[in-house]
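Participant: got a structure for you, letters missing:
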Ligand SMILES: *[C@@H]1O[C@H](CO)[C@@H](O)[C@H](O)[C@H]1NC(C)=O
Ligand SMILES: *[C@@H]1O[C@H](CO)[C@@H](O)[C@H](O)[C@H]1NC(C)=O
C-alpha cells in the first residue's frame, strides 16, 4: 500500500514536471546581424551558420519554414550549443550525402577550420567527415553547387596562403567533392572564366551550372557574358546575353533559379555606389539568354549585399546581409515569385 502510494506520488510529480516544463514561456532567440553566412534549407528548416560583421559568428540556428512566416516576428530556434564549427565567414554549403539530407560546409581561409564539416539534421550533430583523395585547397567567397549526381562543385580562386581579394590573375580551380562517396576530384578549366570570387551560380534543370560575375567592376557591361559548366561532360562554354538590358556592374549579389526552371533571379549586390531599388532585381531567361527587369509590387526593400537567397515554395527567401537597419527591415525578406509577370515583396507567406 505504502509502496504503491509512493510510486503514484513519484509518477504524479514527474508528470507535473513534464507538463510544467513544456508550458514554461518559450525562450525566444534573437540572432545578431551578419553577412557572408551560409543559409541552407533541409526538411523545411532554414539553417543559418556563421557570417561576419557583428560578432554573431558562432551562432547556429534555424527557422522552421513549414510554418507560416511573418518576417516581423521570426521564431528562430537556437542550436549554437551544438556548433563545433569555428567562427568564420564566406564559406559555402549544400545539401547532399547518401541520404540527400546532410549539410555539407566547405571553406575558408582559416587554419582553425577543417576543410569540410557535415551537419545531420535528424541527430542534430556536426561531424568532420573523412574524405579520400588529396585536397588542401582552401577557398572563400564562392558558391558551392550540388548536382543530381551528389557532387558538390566548388569553382573559384585558389589561394595557397593568405587572402588577396582583388587579384584577378590568380589561378582558378574546379574542385569537386563527391558527397556520396566522400572523395575529392577536379574538373576541367578549359574555357573556364578567369580568376574571380563573389560570383553568382545556380544549377539549371539540365544539370548545367550557370556562373555570372564577379568581374572587375570597371569592365563595361560585365553581365553580358555568362558561363556554363556542364556537369555531364565536364565542359565549359560561354553565352553572350541578348536584349538591351544588362544589370549594372556589381558584386556580392544573389542568384536563384525561378519556379519555372528557366528564369534565373538576381537580387542586390554592391555597385560602385549603392544600388537604387530600381537596379536591384533582374531576371535572366536561360532559354533565350535575355535579361529583363521583372514587374514588382509590395514594399520594395533596400537592396542588400553579402546576403543569401534560397527558394522556399513560391518564394525567394533572402537572409541577412549588409546594410539594412533592423528597425526598418527584417533579417528575412520574402519575394513571391509564383507569377513571372509580376513578383511581389511580402512580409507573410
Ligand atoms: C536531393 O533533393 C533535392 C531536393 O529535393 C533534389 O532536387 C535532388 O535532385 C536530390 N538529389 C539526389 C541526388 O537525389
Ligand atoms: C509588366 O506588366 C505589364 C502590364 O501588365 C506587362 O505589359 C509587361 O509585359 C510586364 N513585364 C514583364 C517583364 O513581365
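Facilitator: Perfect, thanks for sending it. Predicted model only: the values in this text are computed from it and were never measured. Ligands and ions are numbered 1, 2, ... in the order given.

Participant: which bits of the stretch 101-250 of the chain sit near ligand 2?
Facilitator: By the rule C-beta under 6 Å from any ligand atom, no part of the stretch 101-250 of the chain lies against ligand 2. Where C-beta positions appear, they are placed from N, C-alpha and C, glycine not excepted.

Participant: before we move on, what SS does whatever residue of the stretch 101-250 of the chain ends up closest to ligand 2 have?
Facilitator: Nearest to ligand 2 in the stretch 101-250 of the chain, going by C-beta to the nearest ligand atom, is residue 245, at a distance of 9.9 Å. Classification of residue 245 using DSSP: H, G, I helix; E, B strand; the rest coil returns coil.

Participant: how near is the closest residue to it other than its chain neighbours to ligand 2?
Facilitator: Closest residue in space to residue 245, ignoring its immediate chain neighbours: residue 291 at 4.6 Å, by C-beta to C-beta, 6 or more residues apart in numbering. Relative to ligand 2, residue 291 is positioned 11 Å away (C-beta to the nearest ligand atom, to the nearest Å).

Participant: For ligand 1, what's the nearest residue on the stretch 1-150 of the chain?
Facilitator: For the stretch 1-150 of the chain, C-beta to the nearest ligand atom, closest residue to ligand 1: residue 100, 3.8 Å.

Participant: For that residue, what is the enclosing helix or strand?
Facilitator: Under the criterion DSSP states H and E, no helix or strand holds residue 100.

Participant: same deal with the one 5 residues further on?
Facilitator: Element membership for residue 105, per DSSP H and E: strand 102-106.

Participant: Quick check, pLDDT for the residue of the stretch 101-250 of the chain closest to ligand 2.
Facilitator: At residue 245, the model reports a pLDDT of 95.

Participant: Now the phi/psi pair for it, please.
Facilitator: With angles defined as degrees, to the nearest 10, residue 245 sits at phi -100, psi 130.

Participant: following whatever helix or strand residue 282 lives in, which helix or strand comes up?
Facilitator: Secondary structure assignment for residue 282, by DSSP H and E: strand 281-285. Downstream of strand 281-285, the next assigned helix or strand under DSSP H and E is strand 290-292.
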